[in-house]
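In: My questions concern the predicted model and sequence given below.
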Amino acid sequence: MTAAITRSKGFINSSIGLKALMAASGLVYVGFVFVHMLGNLQIFLGAEAINVYAYNLHHTGPMLGKSGAVVWGARIFLLLCLAIHVFTAVKLKKQNWQARPQKYAYSHTIQATIASRYMGFSGLLILVFIVYHLLHFTFMPERFAVAYAPTMEHTIHGTSVAMHNVYGMVVASFQWAPVAIFYIVAQVLLALHLSHAVASVIQTLGFDQESKRARVQQISTAYALLILVGNASIPLAILTGLLQ
C-alpha cells in the first residue's frame, strides 16, 4: 500500500502526471462550455424557454430530482477540476523555470502561436472572468445585474409557477454596454485559450501522429470559433437590440 501511494505521488508530481491531470481537467471544461453554451442559447427562443430550462435544471430535470443536489454536486466537481487545472498549470510552469522551457501538454508538436505563447495569461484572465460570472449570474445577481423583474410566471404541466427571471436578468445586464463588451472580450480570450488547449488535450491523450497534427489543430480552432460565436452572440444580440 505504501509503495503504491509513493508511486502515485511520484506520478502526480512528474511532468507526465501533471500534464495528464491538466488534460483530464481541461477535457471536462471543453465539454462543459459546449453544454453550457447550448443551454444559454435558449434565450433566443424567448423568456419562457430559458426560464423553464433554468428552473428544470435546478428542480425537476430528468436526472436531478427536486433537491438540486446533483446541481451542487456538478458545481463542486467543476470547481475541483478548475482547482486541479490551475494547480497543474502553476506546477508545470514552476518546473519549466527550474529546468528548460516546456509548453503545455506535448506543445513541442504544435507550431508556436499567439494562443500557445500566452496560455498562462489568457488562463488567468479567464479565471477572473469565471469569478465575476459566478457572482453576476449565480451567487449575487441582485448586486451585479442591473434592475429587472426577479420572477416571472410560466406554466409547467398545466400549473402556473413563479420562477427566476433568467431572461430578464441577462437582457437587463447586457443592455449596459460595458458589461456586454466585457463578456465579449472574455469570450475572445476563451476562444484563444481553447484553440490551443483542445489540440494539446487531444495530443496528450495519444493522438500525436505527424500526419494528423494539422487536422487536430483545425478541429481545435473550429471548436474555439464555435464557442466564441455561440457565446458572444447573446450579448451582441442584446446590445444591438435584437433581444429585448
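Out: Alright, I've got the coordinates.
In: next structured bit after the helix or strand of the chain with the lowest mean pLDDT?
Out: Lowest by mean pLDDT, DSSP states H and E among the helices and strands of the chain is helix 2-13, with a mean of 55. Using DSSP states H and E, the helix or strand that follows helix 2-13 towards the C-terminus is helix 15-40.
In: any chance you could map the strands in this structure?
Out: Using DSSP state E, the strands of the chain run over 151-156, 159-164.
In: burial of L190, as a residue count?
Out: 24 (other CB atoms under 10 Å). For every residue, glycine as well, the C-beta is placed using N, CA and C.
In: again with F137
Out: Neighbours around F137, by other CB under 10 Å: 17.
In: so what's the residue positioned nearest the centre of the chain closest to, chain neighbours aside?
Out: Using CA atoms, centre = their mean, the residue of the chain that lies closest to the mean C-alpha position is V33, 4.1 Å off. What sits nearest to V33 in space, not counting adjacent residues and going by CB to CB, 6 or more residues apart in numbering, is I227, at 5.6 Å.
In: swap in I43?
Out: That would be I50: by CB to CB, 6+ apart, it lies 4.5 Å from I43.
In: L194 now?
Out: Per CB to CB, 6+ apart, closest to L194 is A224, 4.0 Å.
In: Now for the one you found, how many residues are close by?
Out: A224 has 25 neighbouring residues, counting by other CB under 10 Å.
In: again with A74
Out: 13.
In: picking that back up, who's in contact with the residue nearest to V33?
Out: Contacts for I227 (CB atoms under 8 Å, 6 or more residues apart in numbering) come out as 33-34, 37, 187, 190-191, 194.
In: distance of it from L127?
Out: Applying CB to CB, to the nearest Å, the value for I227 to L127 is 17 Å.
In: now do L45
Out: For L45, the distance to L127 - CB to CB - is 31 Å.
In: got it, and M163?
Out: Counting by CB to CB, the gap from M163 to L127 is 31 Å.
In: can you check T88 too?
Out: Distance from T88 to L127, counting by CB to CB: 14 Å.
In: neighbour-wise, which of these two wins?
Out: Between T88 and L127, counting by other CB under 10 Å, T88 is the more crowded of the two (23 against 14).
In: Can you check which helix is longest in this structure?
Out: helix 69-98 (DSSP state H).
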